[in-house]
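Asker: Any chance you could fold what I've pasted below:
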Amino acid sequence: MLIDGVVSVVVGALKDAHTASERETICGAMPSFEDALAAGAVSAAHVDALAAATRNLIEQLLAEFIACEADLLSDAGNQRVETFERGCRDLARHLAAQHQANCDAEELDTQRRDSSVKRWTDKLTGMRNTLLSLDPVRDAELWTAVNAKLASLRQADGTNAPPWAQLQVEAFIATVATGDAVARVPQVGVLIDYQTIRDGLHANSICEFDNGTPIPVSTARRLNVWCQLNVWCQTPNVRTQNDHR
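Answerer: Next comes the predicted model:
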């Protein structure tokens with residue numbers, strides 16, 4: 001029992017030292033909170049809420065969080081600790097979501113630049129090979145059109161349809177070879193929540209193709225301009241579908 005008590009005291013002391021260190025770090029980064037704490041305008045728990053919210057932020061996001069110091073100080077002076085703590089967490093999550101969106105957009109731009117078409121002939125079989133490397137957005141557009149053509153061919157051929165592999169080849173060739181500009185307008189399905197489409201990204205945003213491939217919100221908006229876009233907009237109480245051209 002004595003040993004357990006000593007361990008408990010040591011652990012408590014280490015925890016207190018860690019908390020004090022985090023408070024000192026936050027007050028050094030946000031000096032107005034140090035002054036407010038000394039004046040009794042905010043509590044130590046408010047400073048602890050800042051430390052907890054920023055604990056896992058990368059340097060760039062921490063700088064953006066600190067840039068909100070004036071607004072945070074105003075909130076701390078007028079809010080209970082629990083409310084302020086929730087607001088700090090929401091701010092950190094919002095910044096992280098925005099950062100991830102920027103990373104996703106940059107990754108998509110890189111994938112678009114790296115997209116390519118390669119053709120070669122197999123010397124042994126004489127077969128012509130085509131390797132098409134695409135970013136997720138254009139791949140979804142292409143295969144949405146191919147799959148639509150595939151379904152059309154299956155329905156037309158009925159029980160006399162060729163083997164599946166050959167049907168896929170025919171659908172692919174028919175899709176890329178068509179001269180009808182209207183027929184080649186891709187039809188793409190996007191699932192996006194109401195708050196994201198209205199206000200932009202938040203911590204729990206949903207923005208993805210109907211096959212589950214995530215896309216940036218800016219890409220969804222760009223698709224709306226030059227695709228036939230089926231949008232499933234999910235709100236807290238209802239899920240609706242809207243077609244846009």
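Asker: Contact partners for the residue nearest in space to the middle of the chain?
Answerer: Residue closest to the average C-alpha location in the chain (CA atoms, centre = their mean): Ala101, at 5.2 Å. By CB atoms under 8 Å, 6 or more residues apart in numbering, the contact set of Ala101 is 201, 216-217. No exception for glycine: its C-beta is placed from N, CA and C like everyone else's.
Asker: Which residue ranges of this structure form strands?
Answerer: Counting by DSSP state E, the chain has strands at residues 116-121, 128-133, 187-193, 207-209, 228-234, 239-244.
Asker: Just give me how far the third one sits from the chain centre.
Answerer: Translated: strand 187-193. 14 Å (CA atoms, centre = their mean, to the nearest Å).
Asker: buried sites along that strand?
Answerer: Residues 188, 190-193 are the ones in strand 187-193 that count as buried (16 or more other CB atoms under 10 Å).
Asker: so can I have CSV of those showing pLDDT?
Answerer: Output for the buried residues of strand 187-193, formatted as CSV (pLDDT from 0 to 100):
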residue, pLDDT
Val188, 69
Val190, 82
Leu191, 84
Ile192, 84
Asp193, 83
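Asker: Throw those residues into TSV and include distance to Val176, thanks.
Answerer: As requested, the buried residues of strand 187-193 are exported to TSV (distance: CB to CB, whole Å):
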residue	distance to Val176
Val188	17
Val190	23
Leu191	27
Ile192	29
Asp193	34
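Asker: now, which of the residues you listed sits nearest Arg86?
Answerer: Asp193 (20.3 Å; CB to CB).
Asker: you'd agree the closest one is up against Ser205?
Answerer: Yes. Using CB atoms under 8 Å, Asp193 is in contact with Ser205, at 6.3 Å.
Asker: Sketch out the helices for the protein, chain order is fine.
Answerer: 2-29, 31-39, 44-54, 59-66, 69-78, 81-114, 136-157, 164-177, 194-199, 217-226 (DSSP state H).
Asker: in the protein, which helix or strand is least confident?
Answerer: Using mean pLDDT, DSSP states H and E, the weakest-scoring helix or strand in the chain turns out to be strand 239-244, at a mean of 46.
Asker: quick one: low-confidence parts of this structure?
Answerer: The model of the chain has pLDDT under 70 over residues 1-18, 157-159, 161, 179-188, 203, 222-245.
Asker: Please compute how far stretch 140-156 lies from its chain's middle.
Answerer: With CA atoms, centre = their mean, you get 28 Å for stretch 140-156.
Asker: Repeat that for stretch 136-149.
Answerer: 22 Å.
Asker: quick one: buried residues of it?
Answerer: Applying 16+ other CB under 10 Å to stretch 136-149 flags 136-137, 139-146, 149 as buried.
Asker: Pipe these into TSV and attach distance to Glu34 per row.
Answerer: Formatted as TSV, the buried residues of stretch 136-149 follow (distance: CB to CB, whole Å):
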residue	distance to Glu34
Pro136	47
Val137	48
Asp139	53
Ala140	51
Glu141	54
Leu142	57
Trp143	57
Thr144	56
Ala145	60
Val146	62
Lys149	66
